[in-house]
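In: Output the structure for:
(one chain, ligands or ions: 1)
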Amino acid sequence: MKKLYIVGNWKSNKTESETISWFQRLMINDLRFTNKEIIVCPSFTMLPILKSLIINHKSSIKLGAQDISPFEDGPYTGEVNGKQIKEFADYVIIGHSERRSHFGEEEGMVNKKLEMGFKYGLIPILCVSDTTQLQTINHEPITNNLIVAYEPLFAIGTGSPDTPENADSIAFTIKKELGNVLALYGGSVKETNVNSFTSKSNIDGILVGGASLDPKEFVNIIHNA
Ligand code: PGA
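Out: Numbering: from 1, shown residues only. Model (predicted):
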């Protein structure tokens, strides 16, 4: 049975008390799976508290950051660099469409961030909204540890996901173009539709935004995946 990657992207949501309450409600459930990697990507400020909660509960949940500085440490006000992220997280989301559209991130920036992720031993979860964005990825450093998430713009936060058939065919193209990478689908994934994506042969998991904020729904997504 293939291993599934279930990634929750909290975006710019949750205070510390909300994070603690979310985690405690999640822990009521039995989440010990051998074939499911559960990854939570909160705001940077919530990484330390989540790391402590995970250690205290001996949970197997993994952490990811939502972004990474394109630079090393140094005079880059406001940036959080790879070395700092690696103290808390194993994964990092790079090139999310919200960063491309609201913060003007383009291919050069995305490639620098990828390079930093690889350099500091983080597994990048690279988001692309269509297959043309695959052409702009710097192929050089790509080895085994890359996850690519196909997230079509029309599906993000709209309640209208892509069809599982199309998502599967894009996942196939991602693997054909980039080689040995994992391919996820993201965009309006819910507890009721998650299995239609994860049951497809080329899809290795899902990236969930809005529905990951509610612990009950996120648990149901994990179980139904
Ligand atoms: P959504 O967002 O699940 O709320 O559609 C997905 C994402 O942007 O990663």
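
In: okay, CA-based contacts and neighbour counts for the rest of this
Out: Noted.

In: dump the residue contacts of the residue lying farthest from the centre of the chain.
Out: Here the chain reaches farthest from its C-alpha mean at residue 75, the gap being 27.7 Å by CA atoms, centre = their mean. Counting by CA atoms under 8 Å, 6 or more residues apart in numbering, residue 75 makes contact with nothing.

In: Around the ligand, pick out the residues from this protein.
Out: For the chain, the residues in contact with the ligand (CA under 6 Å from any ligand atom) are 9, 155-157, 186-189, 207-211.

In: Looking at the residues you listed, which is nearest residue 109?
Out: Minimum separation from residue 109 among the residues of the chain next to the ligand (CA to CA) is found for residue 9, which lies at 20.6 Å.

In: Quick check: which ranges of the protein have low pLDDT?
Out: Applying pLDDT under 70 to the chain flags residues 139-144.

In: how does it look with 80?
Out: Within the chain, the segments meeting pLDDT under 80 span 30, 138-144.

In: what ranges do the helices span in the chain?
Out: 16-27, 47-56, 82-86, 97-102, 107-119, 132-135, 164-178, 194-198, 215-224 (DSSP state H).

In: Those helices: which one's closest to residue 125?
Out: helix 107-119 (9.2 Å).

In: Just the CA trace of stretch 47-58, in PDB.
Out: Output of stretch 47-58 as PDB, limited to C-alpha atoms (Å, rounded to 0.1, in the frame of the first residue of the first chain):
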ATOM      1  CA  LEU A  47       6.000  26.100  15.300                       C
ATOM      2  CA  PRO A  48       7.700  26.100  18.800                       C
ATOM      3  CA  ILE A  49       4.400  25.400  20.700                       C
ATOM      4  CA  LEU A  50       3.400  22.700  18.300                       C
ATOM      5  CA  LYS A  51       6.800  21.100  18.500                       C
ATOM      6  CA  SER A  52       6.500  21.000  22.300                       C
ATOM      7  CA  LEU A  53       3.000  19.600  22.100                       C
ATOM      8  CA  ILE A  54       4.100  16.900  19.600                       C
ATOM      9  CA  ILE A  55       7.000  15.800  21.800                       C
ATOM     10  CA  ASN A  56       4.900  15.800  25.000                       C
ATOM     11  CA  HIS A  57       2.200  13.700  23.400                       C
ATOM     12  CA  LYS A  58       4.800  11.400  21.700                       C
END
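
In: ok now that stretch, how far from the chain's centre?
Out: Computed by CA atoms, centre = their mean, to the nearest Å, the chain-centroid distance of stretch 47-58 equals 19 Å.

In: Please dump the helices of the chain into TSV; it should also carry mean neighbour count and distance to residue 38 for every row.
Out: Shown next, in TSV, are the helices of the chain (neighbours: other CA atoms under 10 Å; distance: least, CA to CA, whole Å):
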stretch	mean neighbour count	distance to residue 38
helix 16-27	15	12
helix 47-56	16	12
helix 82-86	20	17
helix 97-102	14	22
helix 107-119	20	19
helix 132-135	13	25
helix 164-178	17	20
helix 194-198	21	14
helix 215-224	19	8
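
In: Can you say which of those helices is nearest to residue 148?
Out: helix 164-178 (7.6 Å).

In: So what touches the closest one?
Out: Against helix 164-178 from outside (CA under 8 Å, 6+ apart): 131, 134, 139, 142, 148, 150, 181-185, 196-197, 200-203.

In: cool, stretch 194-210 as well?
Out: Stretch 194-210 is touched from outside by 2-11, 149, 157, 164-165, 167-169, 171-172, 182-190, 221, 224-225, with contacts defined as CA under 8 Å, 6+ apart.
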